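[1] Just the structure for this:
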Amino acid sequence: MHNVANSTPHAPAHNVRLGRIKATIWENMTEHGVRHNVSIARIYKDGEHWKESSYFRRDDLPLVLKVADMAHSWIYEHSGSQRASSDSE
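    Next comes the predicted model:
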């Protein structure tokens, strides 16, 4: 878990990818406990370099919905396990 005040970049908690659409889940520690943020991007290759875009084509949208749902499920499952472990203490 990472402190919000720490400006050092940290690794994502989890990634979900279907084809060229990916969701990156970030975990942040707040005064209210762990909170998650999600970024969704379309990845593409520009020459030799991989890049990301926050713009989606019509045919990308079904995958955007699916990766968002998968990210939500992952966060829900992991938030539930954190609540369950803190309830037992």
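[2] how far does stretch 61-81 sit from the chain's center?
    8 Å (CA atoms, centre = their mean, to the nearest Å).
[3] Tell me the buried residues in that stretch?
    Buried residues in stretch 61-81, defined by neighbour count with 16 or more other CB atoms under 10 Å: Leu63, Val64, Val67, Met70, Ala71, Trp74, Ile75, His78. C-beta here means a position set from N, CA and C on the backbone, and glycine is covered the same way.
[4] contacts for it?
    Where contact means CB atoms under 8 Å, 6 or more residues apart in numbering, the residues beyond stretch 61-81 that reach it are 13-14, 16-23, 25, 34, 36, 38, 40, 56.
[5] ok so, going back, so which of the buried residues of stretch 61-81 comes closest to Lys45?
    Leu63 (17.3 Å; CB to CB).
[6] how about the nearest residue to that closest one, chain neighbours excluded?
    Nearest non-adjacent residue to Leu63, counting by CB to CB, 6 or more residues apart in numbering: Ile21, 4.1 Å away.
[7] count of residues packed around the one you found?
    By the other CB atoms under 10 Å criterion, the neighbourhood of Ile21 contains 21 residues.
[8] How much space separates it from Arg35?
    23 Å (CB to CB, to the nearest Å).
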